[in-house]
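*Asks:* With the sequence up front, the predicted model follows.
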Protein chains: 8
Amino acid sequence: GYARVDIDRARRTGDPEVVYGAGKTAEQVVDILRTLHERHPERAVLATRLDAAALDLLAAELPDATLDRVARAATLGPMPTARGTVAIIAAGTSDAPVAAEAALTVRVHGSEAVRIDDVGVAGIHRLLEARERFADADCLIVVAGMEGALPSVVGGLVGIPLVAVPTSVGYGASFGGLAALLGMLNSCAPGVTVVNIDNGYGAGVFAARVARNARER
Amino acid sequence: GYARVDIDRARRTGDPEVVYGAGKTAEQVVDILRTLHERHPERAVLATRLDAAALDLLAAELPDATLDRVARAATLGPMPTARGTVAIIAAGTSDAPVAAEAALTVRVHGSEAVRIDDVGVAGIHRLLEARERFADADCLIVVAGMEGALPSVVGGLVGIPLVAVPTSVGYGASFGGLAALLGMLNSCAPGVTVVNIDNGYGAGVFAARVARNARER
Amino acid sequence: GYARVDIDRARRTGDPEVVYGAGKTAEQVVDILRTLHERHPERAVLATRLDAAALDLLAAELPDATLDRVARAATLGPMPTARGTVAIIAAGTSDAPVAAEAALTVRVHGSEAVRIDDVGVAGIHRLLEARERFADADCLIVVAGMEGALPSVVGGLVGIPLVAVPTSVGYGASFGGLAALLGMLNSCAPGVTVVNIDNGYGAGVFAARVARNARER
Amino acid sequence: GYARVDIDRARRTGDPEVVYGAGKTAEQVVDILRTLHERHPERAVLATRLDAAALDLLAAELPDATLDRVARAATLGPMPTARGTVAIIAAGTSDAPVAAEAALTVRVHGSEAVRIDDVGVAGIHRLLEARERFADADCLIVVAGMEGALPSVVGGLVGIPLVAVPTSVGYGASFGGLAALLGMLNSCAPGVTVVNIDNGYGAGVFAARVARNARER
Amino acid sequence: GYARVDIDRARRTGDPEVVYGAGKTAEQVVDILRTLHERHPERAVLATRLDAAALDLLAAELPDATLDRVARAATLGPMPTARGTVAIIAAGTSDAPVAAEAALTVRVHGSEAVRIDDVGVAGIHRLLEARERFADADCLIVVAGMEGALPSVVGGLVGIPLVAVPTSVGYGASFGGLAALLGMLNSCAPGVTVVNIDNGYGAGVFAARVARNARER
Amino acid sequence: GYARVDIDRARRTGDPEVVYGAGKTAEQVVDILRTLHERHPERAVLATRLDAAALDLLAAELPDATLDRVARAATLGPMPTARGTVAIIAAGTSDAPVAAEAALTVRVHGSEAVRIDDVGVAGIHRLLEARERFADADCLIVVAGMEGALPSVVGGLVGIPLVAVPTSVGYGASFGGLAALLGMLNSCAPGVTVVNIDNGYGAGVFAARVARNARER
Amino acid sequence: GYARVDIDRARRTGDPEVVYGAGKTAEQVVDILRTLHERHPERAVLATRLDAAALDLLAAELPDATLDRVARAATLGPMPTARGTVAIIAAGTSDAPVAAEAALTVRVHGSEAVRIDDVGVAGIHRLLEARERFADADCLIVVAGMEGALPSVVGGLVGIPLVAVPTSVGYGASFGGLAALLGMLNSCAPGVTVVNIDNGYGAGVFAARVARNARER
Amino acid sequence: GYARVDIDRARRTGDPEVVYGAGKTAEQVVDILRTLHERHPERAVLATRLDAAALDLLAAELPDATLDRVARAATLGPMPTARGTVAIIAAGTSDAPVAAEAALTVRVHGSEAVRIDDVGVAGIHRLLEARERFADADCLIVVAGMEGALPSVVGGLVGIPLVAVPTSVGYGASFGGLAALLGMLNSCAPGVTVVNIDNGYGAGVFAARVARNARER
Ligand SMILES: Nc1ncnc2c1ncn2[C@@H]1O[C@H](COP(=O)(O)O)[C@@H](O)[C@H]1O
Ligand SMILES: Nc1ncnc2c1ncn2[C@@H]1O[C@H](COP(=O)(O)O)[C@@H](O)[C@H]1O
Ligand SMILES: Nc1ncnc2c1ncn2[C@@H]1O[C@H](COP(=O)(O)O)[C@@H](O)[C@H]1O
Ligand SMILES: Nc1ncnc2c1ncn2[C@@H]1O[C@H](COP(=O)(O)O)[C@@H](O)[C@H]1O
Ligand SMILES: [Mg+2]
Ligand SMILES: [Mg+2]
Ligand SMILES: [Mg+2]
Ligand SMILES: [Mg+2]
Ligand SMILES: [Mg+2]
Ligand SMILES: [Mg+2]
Ligand SMILES: [Mg+2]
Ligand SMILES: [Mg+2]
């Protein structure tokens, strides 16, 4: 009734549609996720931006669903075999929901997800010490709020394709993530690309497409 | 004297530094490009954002340099063997300089560049007819000004990693490319990433890194 | 008491004043709608932007009123005979309230309203398949949030007068509909006009004026 | 070479493509206008946003072209028979170039264009006295800079479809036409639609489509 | 304790300080208003921006206070004799709270306040009919939201000093009153001055100073 | 031909129209000023925003005109007898052109203009020492760029009606006068009103209307 | 688990990490503050931006903590010996929370904090009278909302290093503190530096570093 | 005549006024600098923001002046004895003019200036290697354009008072330095303060005041 799911998307682009929970009732979320699962029973389907009510109803109505309450997301169906690796590097504790959404999306879209948290640029040694944990990834997702400086530093350390995700973490002149967004768009490190504020999902789809198509190392 | 070139960058990231010509005198451009070439004689080095004076002095002083006057760029040294393919799709005639900068950057950074021009969304059949020319690429660069709608349509047709480049083409409420930038950041097609306005260079570095590391088809 | 209704408007412009419910109490809405109906008993009068309380009080106090809870609007009195047709094309499920407000306004202002939903540009085939459903309309209303790209594509398919309505659907750099608004104002398709964010009402008045005055096909 | 003209557009939308002169050399303008004319010899083709050099070269190379130096535009080929009437109402002397571009575009796209100038809202009697000159038009184009208030007043006088064109006339907090644009988008008169700042062309295409399809009066 | 009232202000500027209720507790409001009244028992003191709690506590604790619930304000002490007249002209019903705050402030600061409501520019005849009611005032306050066009029309009808107050009435691209503010700052009528969005108080102080010092008519 | 002068304005508002020179040729300026003078030979008419060419042609063609090259303005005809006094207080040397435009406008519109320059808030003693020079004025015009703080300080010293003029003096985050404009709109001194950036003319018209109507002291 | 505290920070920068309470649960705040205290038992550690729940749980769980409910902050552990003095000058009553956060931060970071409140520029004599209370400080923090003019005046009175803190106090065109921020960035007083809107903490850290390293007077 | 120099400033704040050359003629610059020098013959006075004409006239008219063409500044009179040290750290080659203006200002205002250039965050090792060159400074000035990330990294390495200067270096979404400015205001490193875009002078005054008052090391 209320939505015409783009059933054909998986054929055209390799990835099925995803439930975007914002502005949908819990019932709608459950309903669409169930429909998507019926169309694609062989692979996990994903619902994002779920509020507590939607997560609770999912738990009750679809007991086979797997919930990620930090990511505010859920999956239904078996995860695909992973090809390639995406490292998700996050600046601060408050960026965790976005990093979690990105990691889960990467996994659903067919790659391995490695998390490296709390390595903000004001304590640069933490990032340098973690370098070997991301230096062999096929794609990087770098998540940061406030001034959004982390992608520039990471992008100067390695030549791996890097997707930056600005978050709305901050106050005052952060203007809801605008400062981080502008910072990332103006990165002096070459080859940094950017997605919308808090869009862990978009970064995850992109990075999984890069990683799962990368040659073996 | 006037600049400390980051000589070590190729070792860390796989790609040597590039001369960013904006705000530099023609003499400085020639000088830095020559220095970079001496450090990396085995592979092409690149200079971008060159005005007419810099291009003319390069032609006179470095006759081995190859000039691309549409891209406002130049290279010196042998192109690397290409691995993988990047398709550069541009909406309108006025986007040509940015598309050309992207294509040259892709080539210098080690991938094949395929150009598809003048396929703006107001004549959508032109894009649909060109689909087979980009459906096998390893990465896409989509260049558009004004409303910046092209990446959303392309991103719905294929599942290839897609980097969108907003251009400053437009007037009035385009606010120097801001409208196209915001449009691309809000793309409803999943997996679209974005670079700064007119930043064909950044998109090219990124896309070449994806494509040259992609598995053979 | 609290408002001086512009009673004369129907004589000057052909259309009676409409109740704009935002910021009014339920009692005020009922009161003004009743007054307008008394002045114009022969034709439907309209109230928009009604919250649940206003809709409920209307249902209780004016049982002859017709409620549209998706559009958050109500009418009172007989609909006029329809002349001409307006097609309302919407990009996503979340745009439904704005599309519904536009459709109801069109009908109240004397034209037929045809709805075409969920044809966003990331699945362009859905729009192309629906082309014949809007190709004979006298005016188009195209509703979209996020990047607001749909009017450019529709405007390249047909030469029908097209009014674009940006919606506040989106997050982050959509800035409450600003991205969609700017996108539509910069449309590369000729002859696209734009109304305020979420202004289905304004688009409906305009389109009905065009359609009801169009020559027969 | 440098541009792929959308030859098919006239078949799809009823109107041939138009030369947008901004950013093109005088030679390119002459060349594309000649090509368009060859494809559509039976009807006038249009070039807009021409600088002095382009206008002069057109005069020399295409003596059959008709130049409008206020509109900064030119046409080639016979004007179509006019159906319907568009009144173009402008607030101040400085808005003349935009009003002229709109009027010429209306005429090229098949309707009659009537000009009413210098009727800004700070001398409202001038507008009221001119009312009968626009009260029978099939569509209105209202052009204003600075605060952009004129469409609200006109839209309260008549019920004719009204397209508002903000201009960049003003200084300081007009921010290049932004004040007028926002004013028009927020018009309290119902049924006002808006195009980009200084976009007389877009308003003209739209209004001609409305007017040439209007029933006879 | 929590505030150092500027006791000396009346001596320097002729007007005592005023309680700005926003962000203050009901107790603080009552306390400061009582203190101000003790310092200035011979003339009314004013409290603005009061929420329901503050208004209710004032009614209970200071029974001599006069409450204006539309203006969200209160006074304590005898009104001064009025000299001169200020006409407050408001565009729409929703602007009433701001117009009421302005009117009460005018009265407290020593002039007569005349209200003219609901004369928005989309029904210009209502304003023209009301002209004689404001043509003899010593100062005008013009209150409008949305596009803020009313001051330009009024400013073209009379040569009286005119203070424009933009209101936050509107939605979407009104951006909380920004559209009205910019419209008023760019008014093509000479001699229009502007205060902050919703600042009926500031307009009232200013206008009363002009009117009470005007020569007799 | 090119402009319809609002001849009737003096009757309606007491002040004749003024030539706004921006965007007009020197010939147009001379022509319109001459026309205005013929209509109003008994009182000075004014032309503002004149570039060097217009000023030079005025000097040659209308030798009776009086030029003010700092204000970039000119008058023609006898100054009216002055009633009332306006003090124009400017923060810095760079604000001189705006202060001069305001002063000349005040004089042309019938009041005395007193200039107080270079009393910016970073040397507050200069302002305090000048207090007696403006404490008896009937209206104040306060001109400042950069942070625009001067009106707040002046507005706390006296209770005279105060019009603030932000100027575009500054760089970086002054954003062409936006910082000063916002500062003045948010002044914590009660009764400060504001005009557009650099709009000495508008402030002058307003202040002269206040001052010439003020009661004798 | 949920956070990797930057334990090493005190060694690198001389100051331990601080708990930023926004977006953290009361339990997390208590937990991290306890951990920080264990690492640095010899000196006070600080938690800021605490809501009522966090403050209450701190009072219950860590009875040795000292709460500052105006500053919305808490400390645990003995205050360091103070070296040098920082004067915190605030414009209005509503700025108190930010001034309190700054003062507490100064004290925790090792300097004396002196408060001077309610000395806004609209009553300049209050500031001038307080001059001797801040003229001997080693660093100044100046806190103001609305137009943010206070730092310019203070910066013209003394040559002490001055950190300005814009606050979000205001409405309408204050845009959440943007007006004050821009005002302070454009201060005409030399040597004014600025921190983020409402960032009393950042100003406090900075000022304490200046003051505790200042030579004795 | 054209300027009232704030002669008293040195007595109040310890530092004489400085010539701000923007918008002044070469003659004015020479004249004011000479006047300032006469008042303060015992210490260097400074002129900034000088164009080529002003620098050339200074060289001709005041042969004792010292010119710094990179900083676009000049001094006249003997430099004061330096107390304390300020390190000026700059991200890229293009930031040199701002760094030079800051360094010269520091020196004129009584401290030693140490320059560290071209240590942008995309090559973080360069900054880490330079650490010992700034770790003993009394105050830091960090200059960066584009994303403005450098202050966050530096601020995490040392606890020295740090003033950040955003520059207008960049393009597109850098919006003339806005991106760098916002990045610095949102720095996650504690104790970073910020000045206006390109304001090397303001940073220099501030830093010199901190450094010259610092205790000996
Ligand atoms: N967290 C997310 N952020 C942005 N887009 C999303 C997100 N989750 C899903 N989407 C997109 O939203 C589409 C579904 O939108 P809808 O039809 O409104 O449910 C999906 O196909 C995705 O392209
Ligand atoms: N067209 C371009 N757009 C953005 N960044 C560029 C461009 N060309 C070069 N760069 C970057 O600028 C750096 C050189 O900057 P610079 O040291 O100022 O010459 C290169 O290493 C690239 O990272
Ligand atoms: N409605 C209002 N809008 C703006 N400013 C106001 C308003 N009411 C009072 N004020 C100002 O706020 C001052 C009192 O502020 P406070 O000391 O914070 O109570 C008064 O002296 C007025 O200048
Ligand atoms: N310096 C100025 N700034 C703003 N408006 C002005 C200025 N000078 C004249 N005007 C206005 O512009 C009108 C003339 O505009 P125009 O018909 O375009 O010449 C005058 O009647 C004034 O209202
Ligand atoms: Mg942390
Ligand atoms: Mg084309
Ligand atoms: Mg959908
Ligand atoms: Mg005119
Ligand atoms: Mg009404
Ligand atoms: Mg000065
Ligand atoms: Mg106070
Ligand atoms: Mg470099």
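*Replies:* Arrived safely. Numbers count the residues shown, from 1 in each chain, chains lettered A, B, ... in the order given. Ligands and ions are numbered 1, 2, ... in the order given.

*Asks:* So which bits of chain A are right by ligand 2?
*Replies:* A:Pro190 (C-beta under 6 Å from any ligand atom). Just so you know, the C-beta spots here come from the backbone N, C-alpha and C atoms, and that holds for glycine as well.

*Asks:* show me the contacts for the residue of chain A found nearest ligand 3.
*Replies:* Closest residue of chain A to ligand 3, C-beta to the nearest ligand atom: A:Gly172 (20.6 Å). Each residue near A:Gly172 by C-beta atoms under 8 Å, 6 or more residues apart in numbering or on different chains is listed here: G:166, G:168, G:176-177, G:181, G:196-199, H:185-186.

*Asks:* Tell me, please, where in chain A the pLDDT is lower than the cut-off.
*Replies:* Judged by pLDDT under 70, chain A has its weakly predicted residues at A:1-5.

*Asks:* how does it look with 90?
*Replies:* A:1-17, A:23, A:93, A:191, A:216-217 (pLDDT under 90).

*Asks:* need the helices for it, in chain order.
*Replies:* Applying DSSP state H to chain A gives helices spanning A:9-13, A:26-39, A:52-61, A:96-108, A:124-134, A:150-157, A:178-185, A:200-212.

*Asks:* Now do the fifth one against helix H:124-134, angle only.
*Replies:* Angular relation of helix A:124-134 and helix H:124-134 on a 0 to 180 degree scale: 160 degrees, by axes from the mean of the first three to the mean of the last three C-alpha atoms, to 10 degrees.

*Asks:* what does helix A:124-134 rub up against?
*Replies:* Contacts of helix A:124-134 (C-beta under 8 Å, 6+ apart): A:87, A:89, A:114, A:116, A:118-121, A:140, A:150, A:153-154, A:157-158, A:160, G:4, G:6, G:8, H:124, H:128, H:153, H:156-157.

*Asks:* Just the buried subset of these, please.
*Replies:* Buried residues within these, counting neighbours by 16 or more other C-beta atoms under 10 Å in any protein chain shown: A:87, A:89, A:114, A:116, A:118-121, A:140, A:150, A:153-154, A:157-158, A:160, G:6, H:124, H:153, H:156-157.

*Asks:* of all the residues in chain A, which ones are close to chain G?
*Replies:* A:93-94, A:96, A:117-118, A:122-123, A:125-126, A:169, A:171-174 (C-beta under 8 Å from any C-beta of the partner chain).

*Asks:* Buried subset of those residues, written for ChimeraX?
*Replies:* The ChimeraX selection below is limited to those of the residues of chain A next to chain G classed as buried (16+ other C-beta under 10 Å):
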select /A:93,94,96,117,118,122,123,126,169,171,172,173,174
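
*Asks:* out of the helices of chain A, nearest to A:Pro80?
*Replies:* The minimum distance between A:Pro80 and the helices of chain A falls on helix A:96-108, with 7.6 Å, by C-beta to C-beta.

*Asks:* who touches that closest one?
*Replies:* Counting by C-beta under 8 Å, 6+ apart, A:44-46, A:48, A:68, A:70-73, A:75, A:79-80, A:82, A:86, A:88, A:90, A:112-113, A:115, A:117, A:141, A:143, A:165, A:167, A:198-201, A:203-205, A:207-208, A:211, G:2 sit against helix A:96-108.

*Asks:* Quick check: closest non-adjacent residue to the residue most central in space within chain A.
*Replies:* What sits nearest the mean C-alpha location of chain A, by C-alpha atoms, centre = their mean, is A:Ala102, with 1.4 Å. Here the nearest residue to A:Ala102 in space, its sequence neighbours aside, is A:Gly200; by C-beta to C-beta, 6 or more residues apart in numbering or on different chains that works out to 3.6 Å.

*Asks:* Check A:Ala122 too.
*Replies:* Looking at A:Ala122 with C-beta to C-beta, 6+ apart, the closest residue is H:Gly156, at 3.6 Å.

*Asks:* Could you do A:Ala59 as well?
*Replies:* A:Leu67 (6.1 Å).

*Asks:* Show me what the one you found is bridged to.
*Replies:* Beta-bridge partners recorded for A:Leu67 (DSSP bridges): A:Ala74.

*Asks:* quick one: contacts for it?
*Replies:* Contacts of A:Leu67 (C-beta under 8 Å, 6+ apart): A:55, A:58-59, A:73-74.

*Asks:* which of those residues lies closest to chain H?
*Replies:* Set against chain H, the nearest of the contacts of A:Leu67 by C-beta to the nearest C-beta is A:Ala73 (26.5 Å).

*Asks:* who are the neighbours in contact with the closest one?
*Replies:* A:46-50, A:67, A:100-101, A:104-105.

*Asks:* again, but for A:Gly177
*Replies:* With C-beta under 8 Å, 6+ apart, A:Gly177 has these contacts: A:145, A:166-170, A:197-198, C:172-173.

*Asks:* quick one: the residue in chain A that chain F sits nearest to from H:Gly145, how far?
*Replies:* Closest residue of chain A to chain F, C-beta to the nearest C-beta: A:Ala173 (10.7 Å). Counting by C-beta to C-beta, to the nearest Å, the gap from A:Ala173 to H:Gly145 is 18 Å.

*Asks:* A:Gly183 too?
*Replies:* 12 Å.

*Asks:* what's near enough to touch the residue nearest to A:Ala122?
*Replies:* A:121-124, G:9, G:12-13, H:189.

*Asks:* now do 6 Å
*Replies:* By C-beta atoms under 6 Å, 6 or more residues apart in numbering or on different chains, the residues touching H:Gly156 are A:122-124, H:189.

*Asks:* Contacting ligand 4 as well, which ones from the residues you listed?
*Replies:* Counting by C-beta under 6 Å from any ligand atom, no member of the contacts of H:Gly156 reaches ligand 4.
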